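Q: Give me a 3D structure for the following:
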Amino acid sequence: MIRRSSCEPFVKRGRKNDAADAAAICEAASRPNVKFVPVKSLEQQGTLALHAVRSLLVKQQTMLSNALRGLATEFGLTVPQGIHRLDELMMLVEADKSLPKQGRQALEMLFAQCKALTESIATAEAEIVAHARRDATARRLATIPGIGPISASLIAATVSNIEAFATARQFAAWLGLVPRQYSTGGKTRLGRITKAGNSEIRRLLVLGATSMVYRADRWNSAVGAWTRSALERRPVRLVTVALANKIARIAWAVMTRKEVYRPNGNAVVTA
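A: Now for the predicted structure:
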């Protein structure tokens with residue numbers, strides 16, 4: 001399967017119809033540098049649908065939580081950050097007798113929606129974790145520090161053919177975790193990461209790298225030593241993205257060799 005974006009340069013200007021699209025696909029397929037998308041199985045598509053639903057519900061939960069906190073703040077009611085603190089906020093709402101009826105009703109409606117979303121998110125995450133436990137590739141990926149069951153399940157369901165990436169750097173580049181290059185006159189300048197490819201996998205890898213950076217002093221491995229050394233020379237955010245890049249490369253090696261991760265490099269082959 002050819003990416004839609006790969007065909008757009010070959011569509012004749014001013015002609016958007018099925019015949020023009022078919023001609024553009026034929027033209028794109030004959031080019032050696034065009035990237036093909038592997039066809040996913042029905043199980044992979046179902047798992048990716050769960051991930052998409054979970055991601056959407058988490059965004060909605062964050063929006064409702066922020067709205068609930070914002071409205072409560074207007075009445076002088078505040079609690080520390082965290083979705084689990086909303087129960088404490090509603091206790092303050094119930095205890096405040098000066099709160100008008102309409103305001104109390106608005107806050108209770110938002111809280112009810114948050115509770116319903118929390119239950120739906122928990123249901124989706126349970127199914128995702130179950131997939132991560134029964135899928136061989138996801139189980140191997142979960143042995144890598146910074147990759148949890150949700151990240152492992154998403155990568156395993158998205159990357160159906162790891163052999164499409166000849167090197168670990170190609171995989172990291174596909175995820176947008178490599179620097180953007182500005183080259184001219186024989187001089188190469190590296191900028192920020194490209195942020196190309198799958199944004200959800202990249203986001204989860206960066207989140208996982210963030211958690212590992214904050215526990216780098218207790219991370220007893222070669223990558224942990226590299227992280228501590230990098231933190232002495234570079235800003236935390238830069239080290240976090242660089243570590244996400246390294247985790248992506250380790251994931252490529254794990255999937256390519258069908259091995260579990262070992263901190264000292266002594267990988268074990270699994271079925």
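Q: Name the residues of the one helix or strand Glu88 maps to that are buried.
A: If you go by DSSP states H and E, Glu88 is part of helix 86-95. For helix 86-95, the buried set under the neighbour-count rule, 16 or more other Cβ atoms under 10 Å, comprises 86, 89-90, 92-93. For the C-beta atoms, the positions are set from N, CA and C on the backbone; glycine is no exception.
Q: Moving C-terminal from the helix or strand hosting Arg237, which element do we reach first?
A: Taking DSSP H and E as the definition, one finds Arg237 inside helix 236-257. Where DSSP H and E defines the elements, the next helix or strand beyond helix 236-257 is strand 259-260.
Q: now for that following strand, which elements pack on it?
A: For strand 259-260, the elements it packs on are strand 268-269, judged by 3 or more Cβ pairs under 8 Å, 6 or more residues apart in numbering; DSSP states H and E.
Q: which other helices and strands contact the helix holding Glu88?
A: Where contact means 3+ Cβ pairs under 8 Å, 6+ apart, helix 86-95 is packed against helix 42-74, helix 101-134.
Q: Now the shortest one: buried residues?
A: Of the residues in helix 42-74, 44, 47-48, 50-51, 53-55, 57-58, 61, 64-65, 68-69, 72 count as buried by neighbour count, 16+ other Cβ under 10 Å.
Q: Need the worst-confidence member of these.
A: Within the buried residues of helix 42-74, Gln44 has the lowest pLDDT, namely 93.
Q: The spatially closest residue to Arg133 that is not a sequence neighbour is in what secondary structure piece?
A: Leaving aside its chain neighbours, Arg133 sits nearest to Arg139 (6.8 Å; criterion: Cβ to Cβ, 6 or more residues apart in numbering). Here Arg139 sits within helix 136-141, counting by DSSP H and E.
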